[in-house]
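1. got a predicted model here, sequence first, then my questions.
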Amino acid sequence: MMTTTHGSAIAATGLRKSFGDKTVLQGIDLHVPTGTVFSLLGPNGAGKTTVVNILSTLVTADAGDIRVGGHDIAVDPQAVRAGIGVTGQFSAVDGLITGEENMLLMADLHHLSRSEGRRVAAELLERFDLVEAAKKPASTYSGGMKRRLDIAMTLVGSPRTIFLDEPTTGLDPRSRHTMWQIIRELVSGGVTVFLTTQYLEEADQLADRIAVLNDGRIAAEGTAEELKRLIPGGHVRLRFTDPAAYRSAAAELREVTRDDEALTLQIPSGGSQRELRSILDWLDTAGIEADELTVHTPDLDDVFFALTGPAGVPNQPKENVR
């Protein structure tokens, strides 16, 4: 992932929004460096789409200072719109016309000349592997093809900041991975991506920074690794088949949880390379051989449930066998 910090693509402070008597956003702050992927996570109804709608000028905030691409949304919303692209949860593709016609329609909306519009459309259709389908009605496209066309249409105006609101919802795993690659390529070209997603793996794979939105507030923000470190419970588990080796290890190791029936020992650990090397060096020095070493580390699922779920509903950390 590319991480550049040459200024902010998005900067918002004190962002508030209510609909009637329901407060959706309670004064959140956001800072997205240029040329990075920023992912906003949160349960359904947390306000993720409202944030996207405000930052993309579709909805007016009740309060807050917001700058996108260096422009103040309240002062110059037109300049903000000129520099952004938005792909929502629901495709903007018109199924009654062809993929190429959808692209040319978008070119007209951006006031490109006829020749320039055709050139840009052809380049983007090729870039998104849609040349063969370009003359076919978009209604015949698969879900993944429609998403690719949707993003291609968004890029007609060469936006420097793109808002992707749950762009892979409903896609099969192969199409989702294709979309991930497209997002990585956009960022490598210096585009800033503001991503909302319900797939935690997606944020883990793509985002330079992640914010978790809950009850109208930012519950936590950081890199994926920083967020994972917020959740306790990481440990290393040693499994033995030789009862004598198990007893020797249990007698020597401190702060260990024993399971005499399963012949396993659980050692608190953050899973760092230094900690793992220390455990392996100790086993070698003591002449003790464990049959299996398993690292249990919290992942974004654990973070998400801990920050947004009801109390007392922990999610079990995932295992990585080494």
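-> Nice, I can see it.
2. every contact and neighbour count from this point should use C-alpha atoms.
-> OK.
3. list the buried residues in stretch 249-256.
-> Buried positions in stretch 249-256, judged by neighbour count with 16 or more other C-alpha atoms under 10 Å: 249-250, 256.
4. in helices only, show me those.
-> In this view, the buried residues of stretch 249-256 that belong to helices under DSSP state H are 249-250.
5. any chance of the buried residues of stretch 249-256 in CSV, with distance to Val75 and pLDDT too?
-> Below are the buried residues of stretch 249-256 laid out as CSV (distance: C-alpha to C-alpha, whole Å; pLDDT from 0 to 100):
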residue, distance to Val75, pLDDT
Ala249, 68, 89
Ala250, 67, 88
Val256, 60, 85
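6. quick check, nearest of the buried residues of stretch 249-256 to Leu164?
-> Val256 (45.5 Å; C-alpha to C-alpha).
7. tell me the confidence at Thr3?
-> In this model, Thr3 is scored at 39, pLDDT.
8. no wait, Gly144
-> Per-residue confidence at Gly144 stands at 90 (pLDDT).
9. that one: which element?
-> With elements taken from DSSP states H and E, the one containing Gly144 is helix 143-154.
10. report the rounded mean pLDDT for whichever helix or strand comes after that helix.
-> Counting by DSSP H and E, the next helix or strand C-terminal to helix 143-154 is strand 161-165. On average, the pLDDT along strand 161-165 is 95.
11. now the end-to-end length of stretch 235-250.
-> Length of stretch 235-250, first residue to last, C-alpha to C-alpha, to the nearest Å: 15 Å.
12. brain fart, stretch 64-81
-> 18 Å.
13. give me the low-pLDDT residue ranges for the stretch 101-250 of the chain?
-> By pLDDT under 70, the stretch 101-250 of the chain has no low-scoring segment.
14. please enumerate the strands of it.
-> Listed in chain order, the strands of the stretch 101-250 of the chain (DSSP state E, counting those that start in this stretch) span 161-165, 192-196, 209-214, 217-222, 235-239.
15. now do the contacts for the closest residue to Gly14 other than its chain neighbours.
-> Using C-alpha to C-alpha, 6 or more residues apart in numbering and skipping the chain neighbours, the partner closest in space to Gly14 is Gly27 (4.0 Å). Neighbour list for Gly27: 13-16, 63-64, 216-217 [criterion: C-alpha atoms under 8 Å, 6 or more residues apart in numbering].
16. so among those, which ones count as buried?
-> Buried by 16+ other C-alpha under 10 Å: 14-16, 64, 216-217, out of the contacts of Gly27.
17. Gly70 and Ser8 touch, don't they?
-> Yes - contact status for Gly70 versus Ser8: in contact at 7.4 Å, counting by C-alpha atoms under 8 Å.
18. counting neighbours, go ahead and name the busier of these two.
-> A direct count of neighbours by other C-alpha atoms under 10 Å for Gly70 and Ser8 places Ser8 higher, at 18 against 15.
19. quick one, helices of the stretch 201-322 of the chain?
-> 224-228, 243-252, 273-286, 300-308 (DSSP state H, counting those that start in this stretch).
20. so which of those helices is the most packed in?
-> Scoring the helices of the stretch 201-322 of the chain by mean neighbour count under mean count of other C-alpha atoms under 10 Å gives helix 300-308 as the most buried, with a mean of 20.
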